[in-house]
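*Asks:* sequence below, structure please.
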Amino acid sequence: MPPTNNSPSKKGKGPTTHDLQCLTIRELELLARDRMDKQTRDYYNEGADDNSTLSENSSAFAKYRIRPRVLRDISDIDPSVSVFGQRNTLPLGVAPTAMQRLAHTDGEVATARACRDMGVVMGLSSFSTCTLEDVADNSRPNANVLQLYLFEDREHSRKLIARAKKAGFKAVLLTVDTPMLGRRNLEIRNQFKLPSHLKVANFRAQEEDGDALDEEHGEARPKQNQNQGRKKRQKQSESVAGHHDGEKWVSPSGPVTFHTHAANPKLSWEESIPWLKEQCGDEMQVWVKGVATAEDALLSIQHGVDGIVVSNHGGRQLNGALATLDALPEVVQAVGGKVPVHVDGGVRHGTDIFKALALGADFVWIGRPVLWGLAYKGDEGVKLCLRLLIDEFRLCMGLAGVTKVSEIGRDYLVRMSRDGLPSRL
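*Replies:* Numbers count the residues shown, from 1 in each chain. Model prediction:
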């Protein structure tokens, strides 16, 4: 397909080639809708309860307008930033989203290839449908980070962390906003479950290999013990969620699934973060994902985390919670530059990235648009999604009058009041 304009590409080496079927993330969403079955579409796109927080994650960006500066030399724009040891093409990463093979047969591996080709860091969900090793193999030398649910049975998490370290993952993003699972009505109505031909790959791999190798000591276990382990797993084929039986808390049991094991009401700052830091050692950073208040930002600093992701789980947990863009400024102020502050939720255009950075974020993550790209054209669709955002962000930088990401600040924004009048931040 020939170029249709003379706008520079992400590296400034020539014109951009457009997909004339898809010129915006909104168009990508519509194209993906026709390529997903209803259960997958509902699972990916739904928020909690009536979806008000999900909606506000995106609408929050409309509260702000950009104050562009003019007569500045913008002939050499650099939208790249350093993150997790690599030079990232723009201040945006692909957020961890679960079960990507629902969207495309190559799933997370296709996303990994696209992130590698576009020079964009990738976050991998614990509940991916491709193993973290396969993702790492298809990413190198691109940086990956692992989103982690810290299970009540810590052995599940310990093994996953050990495998991530071996595969070269740069950080763990501990999800801290799921002590209980939010109510997702379409999941209930659809009786959502992973199709039988797909598996939660990381834990399936641990179930199959866990009895064959002692990961702590690197020694093969006796075959008799392996057989005993397989028989035990067969008996525990049913997954049961944690629950209170009226007298005491009963921990989850059976094979690991999202709906039975992800929620963990026993996590605490005092116990969970030190344990995680010990497991990660010097090889991987420890971040918390799901912070939305100044108080928890200060506790994050107090307990020595390496970074914070302001997140409300894509609006899928506490409906009525603050939009992440609205929660961002107080977290940034509380942190005071001691650790990086990232944000996710609702980003649909390059100008959204600019606004988040102007409000103090160091970096932005996107989730659903990547899934839409994956459903549209596999790794090429993910690359299309990223290319749209790269081009939009670079254009926004130039038209706002900045050439480096470090120049973006609050002076470039105004907030619109309810009566439609702008006010300086």
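*Asks:* show me the residue at the heart of the protein, geometrically.
*Replies:* Nearest to the mean C-alpha position of the chain, counting by C-alpha atoms, centre = their mean, stands Ala95 at 2.2 Å.
*Asks:* show me the longest helix that occurs in the protein.
*Replies:* With residue count as the measure and DSSP state H as the assignment, the chain has helix 368-400 as its longest helix.
*Asks:* buried set for that helix?
*Replies:* Going by neighbour count (16 or more other C-beta atoms under 10 Å), the buried part of helix 368-400 is 368-398, 400. C-beta here means a position set from N, CA and C on the backbone, and glycine is covered the same way.
*Asks:* one more: stretch 281-290?
*Replies:* So for stretch 281-290, counting by 16+ other C-beta under 10 Å, buried means Met284, Gln285, Val286, Trp287, Val288, Lys289, Gly290.
*Asks:* so which residues of the stretch 251-400 of the chain form helices?
*Replies:* Here the stretch 251-400 of the chain has its helices, by DSSP state H, counting those that start in this stretch, at 258-261, 269-280, 294-302, 324-335, 350-358, 368-400.
*Asks:* would a markdown table of these with distance to Ser196 and mean pLDDT be doable?
*Replies:* Shown next, in a markdown table, are these (distance: least, C-beta to C-beta, whole Å; pLDDT from 0 to 100):
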| stretch | distance to Ser196 | mean pLDDT |
| --- | --- | --- |
| helix 258-261 | 16 | 82 |
| helix 269-280 | 33 | 97 |
| helix 294-302 | 39 | 98 |
| helix 324-335 | 35 | 98 |
| helix 350-358 | 38 | 98 |
| helix 368-400 | 20 | 98 |
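*Asks:* closest one to Phe61 among those helices?
*Replies:* helix 350-358 (4.8 Å; C-beta to C-beta).
*Asks:* helices or strands next to the closest one in the packing?
*Replies:* In terms of contacts (3 or more C-beta pairs under 8 Å, 6 or more residues apart in numbering; DSSP states H and E), helix 350-358 is packed against strand 64-66, helix 324-335, strand 363-366, helix 368-400.
*Asks:* right, and those - which one's nearest Gly123?
*Replies:* strand 363-366 (6.7 Å).
*Asks:* what pairs with that closest one, parallel or antiparallel?
*Replies:* Within its sheet, strand 363-366 is paired with strand 92-94 (parallel), strand 341-344 (parallel), according to DSSP bridges.
*Asks:* average pLDDT for the longest one?
*Replies:* So that's strand 341-344. Regarding strand 341-344, the rounded mean pLDDT is 98.
*Asks:* how about it: buried residues?
*Replies:* Of the residues in strand 341-344, those buried (16+ other C-beta under 10 Å) are Val341, His342, Val343, Asp344.
*Asks:* for the residue nearest to the centre of the chain, report the pLDDT, please.
*Replies:* You'll see Ala95 listed with a pLDDT of 98.
*Asks:* enumerate every residue touching it.
*Replies:* Gly123, Asp344, Trp365, Ile366, Gly367, Val370 (C-beta atoms under 8 Å, 6 or more residues apart in numbering).
*Asks:* then Thr403?
*Replies:* Thr403 neighbours (C-beta under 8 Å, 6+ apart): Arg72, Asp73, Ile74, Asp76, Ile77, Asp78, Met397.
*Asks:* could you report the neighbour count for the first one?
*Replies:* Number of residues near Arg72 (other C-beta atoms under 10 Å) recorded here: 13.
*Asks:* that one sits in which helix or strand?
*Replies:* Counting by DSSP states H and E, no helix or strand carries Arg72.
*Asks:* list phi and psi for the closest residue to it other than its chain neighbours.
*Replies:* Spatial nearest neighbour of Arg72, excluding adjacent residues (C-beta to C-beta, 6 or more residues apart in numbering): Gly401 at 4.5 Å. Note on Gly401: backbone dihedrals following degrees, to the nearest 10 are phi 90, psi 30.
*Asks:* Ile77 versus Gly401, what's the distance?
*Replies:* Gly401 is 11 Å from Ile77, where distance means C-beta to C-beta, to the nearest Å.
*Asks:* just the strands from the stretch 51-200 of the chain, written as ranges.
*Replies:* Ranges of strands in the stretch 51-200 of the chain, per DSSP state E, counting those that start in this stretch, are 64-66, 81-83, 86-88, 92-94, 122-124, 144-148, 171-175.
*Asks:* how about JSON lines for those strands, with mean neighbour count and distance to Asp419 added?
*Replies:* Shown next, in JSON lines, are those (neighbours: other C-beta atoms under 10 Å; distance: least, C-beta to C-beta, whole Å):
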{"stretch": "strand 64-66", "mean neighbour count": "18", "distance to Asp419": "14"}
{"stretch": "strand 81-83", "mean neighbour count": "17", "distance to Asp419": "37"}
{"stretch": "strand 86-88", "mean neighbour count": "16", "distance to Asp419": "39"}
{"stretch": "strand 92-94", "mean neighbour count": "27", "distance to Asp419": "33"}
{"stretch": "strand 122-124", "mean neighbour count": "28", "distance to Asp419": "40"}
{"stretch": "strand 144-148", "mean neighbour count": "26", "distance to Asp419": "41"}
{"stretch": "strand 171-175", "mean neighbour count": "25", "distance to Asp419": "39"}
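*Asks:* let's have those in TSV, adding distance to Trp269.
*Replies:* Output for the strands of the stretch 51-200 of the chain, formatted as TSV (distance: least, C-beta to C-beta, whole Å):
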stretch	distance to Trp269
strand 64-66	32
strand 81-83	25
strand 86-88	30
strand 92-94	25
strand 122-124	23
strand 144-148	16
strand 171-175	11
